[in-house]
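Participant: with the input below, show me the fold.
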Amino acid sequence: MRKYSRDARSPVPKSNNTSKIMSANVSKSTKPEKALRSKLFLLGVRGYRVNYKKLPGRPDMVFTKSKVAIFVNGCYWHRCPVCNLPLPKHNSDFWREKFERNVKRDDVKKLELERLGYRVLVVWECEIKNKMEYVAEKVREAIGAR
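Facilitator: Okay, the predicted model is just below:
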């Protein structure tokens, strides 16, 4: 049986299945990010950088010329206001605090980017799934593409 690595800061999960699921989560090039990049490519939108390390928060996509930073947020981890997903049943206090820290960090990074003159777009996973055309048009409009 394969062992899954855990961050020592997180509580021990109640089941191996939970550990397996949580270990499979990735932070870069997620399905929603890839879907958005693919759609923008089809629309002829190019010239962005992915996970740009030179900016606060390492935005998922950055259009440096037009100073637009895009975060593609997962509804669960970043607490989508539309989806309003429930907290995990086990270790609820830990997860509540973790999600609150995530949301605060997101807000701080957004403000830092705005202070640098960037327009920041936060795109939610559910928007990409349900309103891809709208999201792509919002990005095109932000960067001034035709």
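Participant: so who does residue 99 touch?
Facilitator: Counting by C-beta atoms under 8 Å, 6 or more residues apart in numbering, residue 99 makes contact with 77, 79, 87. In this view, the C-beta of every residue, glycine as well, is placed from N, C-alpha and C.
Participant: residues of the host helix or strand of it that come out buried?
Facilitator: Here residue 99, judged by DSSP states H and E, is contained in helix 92-115. Of the residues in helix 92-115, 98, 99, 106, 109, 110, 113 count as buried by neighbour count, 16 or more other C-beta atoms under 10 Å.
Participant: what mean pLDDT does that helix get?
Facilitator: Mean pLDDT, helix 92-115: 94.
Participant: quick check: next helix or strand after it?
Facilitator: strand 119-124.
Participant: what residues sit buried inside the next helix or strand after that next one?
Facilitator: Sequence order places helix 125-130 as the next helix or strand after strand 119-124, per DSSP H and E. With burial defined by 16+ other C-beta under 10 Å, the residues of helix 125-130 counted as buried are 125, 126, 127, 128.
Participant: surely the last one is in contact with residue 135?
Facilitator: Right, the one you point to is residue 128. Yes: contact status for residue 128 versus residue 135: in contact at 5.8 Å, counting by C-beta atoms under 8 Å.
Participant: joint contacts of those two?
Facilitator: residue 36.
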